[in-house]
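Colleague: Got a predicted structure plus its sequence, pasted below:
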Amino acid sequence: MRAVLDPNILIAALLAPAGAPAEIIRRWLAGEFELIVSEALLAELERALAYPKLRRRISAEDAAAFVSLLRDGAVHAVDPESGTYRSTDTGDDYLLALAEHTRALLVSGDRHLLDLAADLPVTTARDFLDQTR
């Protein structure tokens with residue numbers, strides 16, 4: 001199985017070590033699925049981790065180490081120019097395109113992406129865990 005994790009899922013993994021997103025990261029590290037990343041995804045994650053409200057909870061060192069772990073350990077894909085599907089939040093269209101082009105499941109907590117789940121392989125963190133058991 002291949003998965004693209006929305007940056008909000010990656011951030012949630014750092015904020016709540018006992019939550020479903022953190023369990024997804026543990027399963028990835030255990031080799032249970034392939035994690036797909038791209039430069040656009042990593043850049044968005046780095047930007048978000050630098051926001052003051054997150055920096056108060058996640059140190060710069062921990063943020064850098066996490067991004068480095070993803071950069072070194074995940075499968076890298078080239079950011080596709082566009083995809084077939086569009087979100088109501090156009091800033092997330094790259095995630096849909098990345099998942100589509102890599103034939104991966106998109107794991108997100110964003111309602112505008114989850115609303116597409118009837119037509120696209122988009123799922124919540126909890127549902128992803130249930131699928132990988």
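Modeller: Ah, there it is. Numbering: from 1, shown residues only.
Colleague: send the alpha carbons of stretch 64-72 over as CSV?
Modeller: This file holds the C-alpha atoms of stretch 64-72, laid out as CSV (Å, rounded to 0.1, in the frame of the first residue of the first chain):
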residue,chain,number,x,y,z
ALA,A,64,14.0,19.8,11.3
ALA,A,65,14.6,16.2,12.5
PHE,A,66,11.1,15.1,11.4
VAL,A,67,11.4,16.7,8.0
SER,A,68,14.8,15.1,7.6
LEU,A,69,13.3,11.7,8.5
LEU,A,70,10.7,12.1,5.8
ARG,A,71,13.1,13.4,3.3
ASP,A,72,15.5,10.5,3.9
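Colleague: in it, what's buried?
Modeller: For stretch 64-72, burial by neighbour count (16 or more other CB atoms under 10 Å) applies to 66-67, 70. Any C-beta I mention is one placed from the backbone N, CA and C, and that applies to glycine too.
Colleague: ok, V78 - how many residues close by?
Modeller: 11 (other CB atoms under 10 Å).
Colleague: sorry, that was for R2
Modeller: 15.
Colleague: With D93 instead?
Modeller: By other CB under 10 Å, neighbour count at D93 equals 16.
Colleague: ok, then the element right after the longest helix along the chain?
Modeller: Secondary structure of the chain per DSSP state H: the longest helix is helix 60-73. For helix 60-73, the following helix or strand on the C-terminal side (DSSP states H and E) is strand 75-76.
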